[in-house]
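*Asks:* build me a model:
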Amino acid sequence: LTVARPDPPRAPDQAAPRVSLFREMFNWMIVPFLLVWPLSVAATYLFGLSLANQTFDQALAMGARALSEQFEWPSAQVAPRVRNDLNILLPDAEVEHHAWRIDRADGQWLLGDKALVPPPSFAAGVGSAPAYFSTDIRNTPMRVAAVRRTDPALAEPVVVYLSEVAGRRSQLARDIMMGIVVPQLIVIPLMVLFLWVGLKRGMAPIARMSEAL
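*Replies:* I've put the predicted structure just below:
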């Protein structure tokens, strides 16, 4: 006769770790935001840089047109000249950030800073609309606008170049970014605090139900 023996008592299973619903919800709300926020900062800088480039390019083209109107060259027998240079056309604080040059339509230098060298055959492609390129002048990155002037008052068509220090655009983009990011550094902690309080109050009934169960 075989008597069945009861199985020996087993040790109670170790209690599974309790998962906090509040912590899970809070993490899923705040972590994605903290991951996306640096991307928004980078996008803000790129947007600011694009806006600065567009604004500065338009102002640079206007300056080049104004300079072209000051250029006089009635005939090939008369030396070309500029009635008023940048010292008159620009504020005193802006002059040191610019350089100018005037060429024949075929690219031959007439007046201005010879260190401002356009790309080969660039003058041939400059039409009625402004053209732009970037270069270095005395180891300084510059942005250049070019306009063509063709009218009977000139012995022949000319191309006018006006350059500007490119670093000012990056500085404006950084200023735009900081103007947006700095207020966010104040708002974000407040948002996290309000989110924490709101979740805590909203989860209170569920917490009481959990304790009752």
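*Asks:* average pLDDT for stretch 33-43?
*Replies:* For stretch 33-43, the mean per-residue pLDDT is 80.
*Asks:* check what contacts it and list those residues.
*Replies:* Contact with stretch 33-43 is made by 177, 181, 184, 188, as judged by Cβ atoms under 8 Å, 6 or more residues apart in numbering. Every C-beta, even on glycine, is put in place using the N, C-alpha and C of the backbone.
*Asks:* list only those of those flagged as buried.
*Replies:* residue 177 (16 or more other Cβ atoms under 10 Å).
*Asks:* can you redo the contacts of stretch 33-43 as a markdown table with distance to residue 75 and secondary structure?
*Replies:* Listed next are the contacts of stretch 33-43 as a markdown table, based on distance: Cβ to Cβ, whole Å; DSSP: H, G, I helix; E, B strand; the rest coil:
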| residue | distance to residue 75 | secondary structure |
| --- | --- | --- |
| 177 | 53 | helix |
| 181 | 58 | helix |
| 184 | 62 | helix |
| 188 | 68 | helix |
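*Asks:* nearest to residue 26, of the contacts of stretch 33-43?
*Replies:* Checking the contacts of stretch 33-43 against residue 26 with Cβ to Cβ, the nearest one is residue 188 at 14.7 Å.
*Asks:* tell me how far the nearest residue to the closest one once chain neighbours are set aside lies from residue 47.
*Replies:* The shortest distance from residue 188 to any non-neighbouring residue, by Cβ to Cβ, 6 or more residues apart in numbering, is to residue 37 (7.4 Å). According to Cβ to Cβ, to the nearest Å, residue 37 stands 15 Å off from residue 47.
*Asks:* of the contacts of stretch 33-43, just say which sits nearest to residue 138.
*Replies:* Closest to residue 138, out of all of the contacts of stretch 33-43 and judged by Cβ to Cβ, is residue 177, at 29.0 Å.
*Asks:* report how many residues lie close to residue 120.
*Replies:* 8 (other Cβ atoms under 10 Å).
*Asks:* need phi/psi at it.
*Replies:* phi -60, psi 140 (degrees, to the nearest 10).
*Asks:* quick one: contacts for it?
*Replies:* Here residue 120 is in contact with residue 107 (Cβ under 8 Å, 6+ apart).
*Asks:* tell me the first helix or strand C-terminal of the lowest-mean-pLDDT helix or strand in the chain.
*Replies:* Sorting the helices and strands of the chain by mean pLDDT, DSSP states H and E puts helix 92-95 at the bottom, at a mean of 71. Downstream of helix 92-95, the first helix or strand assigned by DSSP states H and E is strand 98-104.
*Asks:* noted, bye for now.
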